[in-house]
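predicted model and sequence below, questions to follow.
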Number of protein chains: 2
Amino acid sequence: MTYLFYSVPVAAVIALLFAWIFFRQMMKESEGTPTMKEIAQYVREGAMAYLKQQYKVVIIVFAVLAALFAVLAYGFGVQNPWVPFAFLTGGFFSGLAGFVGMKTATYASARTANATMRSLNSGLKIAFRSGAVMGLTVVGLGLLDIAIWWSVLQLFYDPSEAQNLVVITTTMLTFGMGASTQALFARVGGGIYTKAADVGADIVGKVEQDIPEDDPRNPATIADNVGDNVGDVAGMGADLYESYCGSILATMALGASAFFADGTAVQLRAILAPMMIAAVGVILSIIGIFAVRTKEGAGLQQLLKSLSVGTNLSAVLIAVCTFGVFYLLGFPNWWKLALSVLSGLLAGVIIGKVTEYYTSHSYKPTQKLAEAAKTGSATVIINGVGLGMISTAVPVVTICAAILLAYGFATDFVFSASTLSLGLYGISIAAVGMLSTLGITLATDAYGPIADNAGGNAQMSELDPSVREKTDVLDALGNTTAATGKGFAIGSAALTALALLASYIEEIKIGLQHVGRNVLEIGGRTVDTMNATITDIVSMYDISLMNPKVLVGIFIGSMMAFLFCGLTMNAVGRAASKMVVEVRRQFREIAGILEGKQRPDYTSCVRISTRAAQHEMVFPSLLAIIVPMAVGLLLGPAGVIGLLSGGLGAGFVLAIFLANSGGAWDNAKKYVEEGHHGGKNSPAHKATIVGDTVGDPFKDTSGPSLNILIKLMSMVSIVMAGLTVMLH
Amino acid sequence: MTYLFYSVPVAAVIALLFAWIFFRQMMKESEGTPTMKEIAQYVREGAMAYLKQQYKVVIIVFAVLAALFAVLAYGFGVQNPWVPFAFLTGGFFSGLAGFVGMKTATYASARTANATMRSLNSGLKIAFRSGAVMGLTVVGLGLLDIAIWWSVLQLFYDPSEAQNLVVITTTMLTFGMGASTQALFARVGGGIYTKAADVGADIVGKVEQDIPEDDPRNPATIADNVGDNVGDVAGMGADLYESYCGSILATMALGASAFFADGTAVQLRAILAPMMIAAVGVILSIIGIFAVRTKEGAGLQQLLKSLSVGTNLSAVLIAVCTFGVFYLLGFPNWWKLALSVLSGLLAGVIIGKVTEYYTSHSYKPTQKLAEAAKTGSATVIINGVGLGMISTAVPVVTICAAILLAYGFATDFVFSASTLSLGLYGISIAAVGMLSTLGITLATDAYGPIADNAGGNAQMSELDPSVREKTDVLDALGNTTAATGKGFAIGSAALTALALLASYIEEIKIGLQHVGRNVLEIGGRTVDTMNATITDIVSMYDISLMNPKVLVGIFIGSMMAFLFCGLTMNAVGRAASKMVVEVRRQFREIAGILEGKQRPDYTSCVRISTRAAQHEMVFPSLLAIIVPMAVGLLLGPAGVIGLLSGGLGAGFVLAIFLANSGGAWDNAKKYVEEGHHGGKNSPAHKATIVGDTVGDPFKDTSGPSLNILIKLMSMVSIVMAGLTVMLH
């Protein structure tokens, strides 16, 4: 059966190969006029300059943390010696995925604009294939890292011993912490960068001076376009790399422990399953990407259809193939486990659709929000906040149903302590299923900012307005098709976070062994630590909801979600204010900017965003690392589990709220721009611009960082479990 | 020892007596000029008309619920037969407290305005004493209801049996559900009413037409003033009645069960303690109220000082007296339990100070928020949201420390399953201590809207602007002194909610006995249900954080907090939009309004607010009742405890965020109005008005409703426990 494992590195290499091919194809295209090239070059330089600054900060943080882990491992002996290395590779690969994606995007935007001049279709192809470069790089690097570590660790820990399989998989989890740390910095830093520029540019440009978006007269416009690349592309790449690997690694760890008593053959099967599903997903993603074919001269509806064909095809195929994977691996309850995965996939589709319903201006909620603009910006804000909060109901209920179903199918609907590990495995593998076709869903996501930047390039290069109109169509197209991908990302994050809770308990067990507590007293019984069940550990540390430490943890976890959002939100507010002041200064002091006779000073705006992001990302990110450490040391495992579940509950709902409020404000503005309630430049339009501006940090900075925050806190707790049990 | 109980009804009667005296004193004052009387009459009529509508809705809901409980009690036998009656009296008294407070306030505002013409001091005295009417009515009615039920139930259940004391106290808890239900409707309905009018009046009046607040030319101005009375006064009265009784009742129930094994004498002591502390608190409040004395011609600083003297005196005295109460009751660990209470009091003071720091424009955060207005309304909103979210950190950490300390002092810092009941009793009694001086803290709270309305009356009656200026000073004074009271209210709500979690478990035990399960199988042992500990029930239903039902409950609980806020927020948005349309219509269609030549049609605006509130309050309120029922029936006790803790974690933090963002926006506007960043009518001022308007539903509708939501969900679960265990 182990020969099946080889499909994993093979799939990884195939993914990277196709990413390379798509990249070469894109690079062959022309970048257009000299002006277009020049602007693309500006954006590319700004993005690289920023990434360099970000990596400087990140390297320091990684060095400190790796040193800390080394001390814990080699000095105190409370930790697995592989942790520092696994942590570093996780961070490295995550950063690499974001870097490659961003590099591709900055090369692709001018080329997309140029191709769009020929036809909508050619533009779509370049943008989408460039997005696919990032999608395939993320899954390729992720699977490669997993495959390498799995192979290497087997050389050191004999996989024919059940306990060693637990050690290998829990060790591998710590590379998830590297990925999460990198992702948090990328998301927070990138998010602050992009929104400081965007908000600043919009306030002075659109609101005060009445000049359009991406107008070359606006000094912040290059910074805004750089921001799309470092925030929406590099940030998202690192983010989804973390999600992708996190779900696979958590499932592997759960598989090793859930089937601990059944012998290594059964364990191996459970460990291989998530890797195999992911490997199959890679191939299906590539098939999906090739299925996105359009005839020359295709209309909007046809393009939309062809994009949907790709993503839907992959989703349907993965649903079918899961049955095959579980069957092939010899699970006796193969079709039931596949139904667990199906529950997850279905939940993702529903969440995606609901998101679309609440945020697209084809539906009532956003249309009503646009109507609220008739009574000014205050009612737009109030209604948008209300809409976002209400929009959390169906996704939460859906994910709850998925949790119960995924657990239920895996355990024949026996909800009891004895089925716990198995049920959690079912939940976790559902998350893997949802993310397995990330290769294509990420392509539809990443292609949006590329099209957006292409539009920016077209505008700044003063190409014919029809080009901008076409790129806007491409962008809107992406928003629609990306809904399912986003639903999968949100839903799988919740499921993975649940799985990480269980992994934490496993890590506590390993930690107990590390500190020499090989026998435990639990409720009068004596239990070998190695054989202790999750329920044993839960009752040993009294991780029940009546324990005040757990309740205190829940409070702190809920608070962390809000505090983190508040810090990132304020960072954007502060940075945007600086940007506004600078842009106003340029308009005032540099004569002839507004008449287009004089170039504004783009670099000073790029510098403001870079500095702000670099400066502001440190505190919130460190908080996400330090708080779970502190809670673990002070309150022990009970406090940590409280922290993680409180953070998950509040953070998940808060993330949906912020994302949907932001999305709805954005589209309400577009709806007004389409001519409703007075159309462009009407008072209603101004009111929706305020809404859109407020929504920017909601949906692009604070909201998307929350998913990572939740998982990073889990990962930190997992890595610190050894020290925690030494003190508790 | 039981003779000590008589202090409770005596204190209740004294409170009501002084309320009556203060009311008579106030009524003796002159209501001023005919115009002032006329306007006061408008407001009074509007408020009464609205309350009538609200009570109509509430009566239907109460009738349906009481019928349901009757069926459960008499039809299925799964519930205590007293529940329907206890539920109804709780609702009645809560409503009565709000009604009396509001009636007093509507009589007091014109009199306050009139007295303020004489001197600031006279105005303060009338407003503050009128506030005290509400404060003392709330505590008086609360203690009276508790004393009556305690006496009556003893006639039916012999208090010399330990089990009967448990039955009596858990039965009494259900009158808390009546109070919570009434409070929720009052807060939600009143909150929607007042903010629809306020937001509507502000948008057209201040933003579009540049006329001042409370200008008689604004058609929504009477509705706005009515709103202050039905929302800020009647709503707050019902709200705090619920908190006050809830904390006492929960502590009584916990006391009966925590000392179950120690015999009825010890139990009685534990049951009497919260009632006694409350009774002492009543007397201290009255002392505090009389301590608020000012010399004629006192300046602002002196007034502020004299107000603080009153509240601080009561707070210090209650801290001291608690030692005496516990000693008098013969607790062996009397001073330790008093330290538990002290932890709570201290936490309340800290939360109050932090709230002040984040929301007062004497401090940096709000000043910086005002500065963000220089770059427009979008940055004001972003920064305000950020500020509110960040402001949750210290209060949450403080309350967590209070939880651990209150638990720790009560249990000699032994955190284990065996000390659980005792520790929770310590937490719960800390909440009682915090609310015991509600008589005076509520007076400082309720006096704000009275002063506000006095200002409105002065403006509309076109009195000399100096009167308005003085009432503004009074209002601001109240905001400062009310901080501690608010800190106590927020903190005690969290502690009480924790206690209610434990009470729920107790109610599950009673429920099990009701359905005839007198012996339980728990982890291989056989336990008499009567003697089962909290930990037994917890392990029987696997209320651990690894149980998927618990986790699903946490998700749904977190979501409920957001959904509920979203619904109330949107209700305000919708109603405010209608108000704006109507006000604009009047300005357009009724000639001469803006010149002051023609009276606007006030009643149409009153009608809009009344209808909107009546219509919009039903769905969110019913949701708060139905969801915990549904979760209990579907997921059992594990799901319910998850729901309640998720709701508590997310709801508590969300409530602080909303309250502080709203408060900071309000004061940032005032800061600009004081002449900063351009002063009144500058672009910065306009930007802060948008912030203030957005903050209105944050701080006065959605935020304050959350505390009640959290407790109502607990109360519903408690009442439905019998049916829940029948199915699980």
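That came through fine.

where in chain A is the helix or strand with the lowest mean pLDDT?
Sorting the helices and strands of chain A by mean pLDDT, DSSP states H and E puts helix A:465-514 at the bottom, at a mean of 85.

roughly how far is that one from the heart of the chain?
Here the centre of mass of C-alpha atoms in helix A:465-514, compared against the chain's by CA atoms, centre = their mean, to the nearest Å, lies 5 Å away.

for the following helix or strand past it, packing partners?
Once helix A:465-514 ends, the next helix or strand along the chain (criterion: DSSP states H and E) is strand A:519-522. Identification of packing neighbours for strand A:519-522 by 3 or more CB pairs under 8 Å, 6 or more residues apart in numbering or on different chains; DSSP states H and E yields strand A:525-528, helix A:534-540. For glycine as for every other residue, the C-beta is placed from the backbone atoms N, C-alpha and C.

low-scoring stretches of the stretch 251-400 of chain A, by residue?
Residues of the stretch 251-400 of chain A that meet the criterion pLDDT under 70 lie in A:296-297.

at the contact with chain B, which residues of it appear?
When proximity is defined as CB under 8 Å from any CB of the partner chain, the stretch 251-400 of chain A approaches chain B at A:371-372, A:374-379, A:381-383, A:385-393, A:396-397, A:399-400.

how about the residues of the stretch 51-200 of chain A near chain B?
Counting by CB under 8 Å from any CB, the stretch 51-200 of chain A sits next to chain B at residue A:199.

still on that earlier bit, can you say which of the helices and strands packed on strand A:519-522 is packed in most?
helix A:534-540 (a mean of 22; mean count of other CB atoms under 10 Å in any protein chain shown).

what does that one rub up against?
With CB atoms under 8 Å, 6 or more residues apart in numbering or on different chains as the test, helix A:534-540 has contacts from A:257, A:417, A:420-421, A:424, A:502, A:505-506, A:508-509, A:520-523, A:527, A:532, A:543-544, A:637, B:539, B:544-546.

pLDDT averaged over that helix - what is it?
Taken as a whole, helix A:534-540 has a mean pLDDT of 90.

phi, psi of residue A:547?
Residue A:547 adopts backbone torsions of phi -70, psi 120, taken as degrees, to the nearest 10.

that one contacts residue A:638, correct?
Yes. Residue A:547 is within contact range of residue A:638, at 5.2 Å (criterion: CB atoms under 8 Å).

got the angle between the longest helix seen in chain A and helix A:465-514?
Scanning chain A for the helix with the most residues, using DSSP state H, yields helix A:618-673. Orientation check (axes from the mean of the first three to the mean of the last three CA atoms, to 10 degrees): helix A:618-673 against helix A:465-514 gives 150 degrees.

check which residues of the helix or strand just after helix A:618-673 are buried.
Note on helix A:618-673: by DSSP H and E, the next helix or strand toward the C-terminus is helix A:683-697. For helix A:683-697, the neighbour count (16 or more other CB atoms under 10 Å in any protein chain shown) marks A:684-697 as buried.

now the residues you listed in JSON lines, with pLDDT?
As requested, those are exported to JSON lines (pLDDT from 0 to 100):
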{"residue": "A:684", "pLDDT": "95"}
{"residue": "A:685", "pLDDT": "94"}
{"residue": "A:686", "pLDDT": "92"}
{"residue": "A:687", "pLDDT": "95"}
{"residue": "A:688", "pLDDT": "95"}
{"residue": "A:689", "pLDDT": "93"}
{"residue": "A:690", "pLDDT": "94"}
{"residue": "A:691", "pLDDT": "96"}
{"residue": "A:692", "pLDDT": "94"}
{"residue": "A:693", "pLDDT": "93"}
{"residue": "A:694", "pLDDT": "95"}
{"residue": "A:695", "pLDDT": "95"}
{"residue": "A:696", "pLDDT": "92"}
{"residue": "A:697", "pLDDT": "94"}
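
which element is residue A:575 on?
Using DSSP H and E, residue A:575 falls within helix A:548-589.

what's the distance between the closest residue to chain B within the stretch 451-600 of chain A and residue B:664?
At 2.7 Å from chain B, residue A:566 is the closest residue in the stretch 451-600 of chain A, using CB to the nearest CB. Distance, residue A:566 to residue B:664, by CB to CB, to the nearest Å: 12 Å.

ok, the residue in the stretch 201-350 of chain A positioned nearest to chain B - contacts?
Of all residues in the stretch 201-350 of chain A, the one sitting closest to chain B is residue A:203 (5.3 Å; CB to the nearest CB). By CB under 8 Å, 6+ apart, the contact list for residue A:203 reads A:576, A:580, A:693, B:375, B:376, B:378, B:379.

still on that earlier bit, could you give the angle of the longest helix of chain A to helix B:548-589?
Going by the same axes, to 10 degrees, helix A:618-673 is angled at 50 degrees with respect to helix B:548-589.

chain center to stretch A:521-530: distance?
The answer for stretch A:521-530 is 40 Å, by CA atoms, centre = their mean.

distance of residue A:625 from chain B?
16 Å (CB to the nearest CB, to the nearest Å).

how many neighbours does that residue have?
Neighbour count of residue A:625, defined by other CB atoms under 10 Å in any protein chain shown: 23.

can you list contacts of stretch A:665-681?
Under CB under 8 Å, 6+ apart, the answer for stretch A:665-681 is A:210, A:359-361, A:366-367, A:369-371, A:373-374, A:380, A:384, A:476, A:682, A:684-685, A:688-689, A:691-692, A:694-695, A:698-699.

buried ones in stretch A:294-310, by neighbour count?
Judged by neighbour count (16+ other CB under 10 Å), stretch A:294-310 contains these buried residues: A:294, A:298, A:303, A:304, A:306, A:307, A:308, A:309, A:310.

can you redo these as CSV with secondary structure?
Converted to CSV, those look like this (DSSP: H, G, I helix; E, B strand; the rest coil):
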residue, secondary structure
A:294, coil
A:298, coil
A:303, helix
A:304, helix
A:306, helix
A:307, helix
A:308, helix
A:309, helix
A:310, helix
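
ok, these vs residue B:496, which is closest?
Closest approach between the buried residues of stretch A:294-310 and residue B:496, by CB to CB: residue A:308, at 51.5 Å.

what's near enough to touch the nearest residue to that closest one once chain neighbours are set aside?
Leaving aside its chain neighbours, residue A:308 sits nearest to residue A:481 (5.9 Å; criterion: CB to CB, 6 or more residues apart in numbering or on different chains). By CB under 8 Å, 6+ apart, the contact set of residue A:481 is A:304, A:307, A:308, A:311, A:444.
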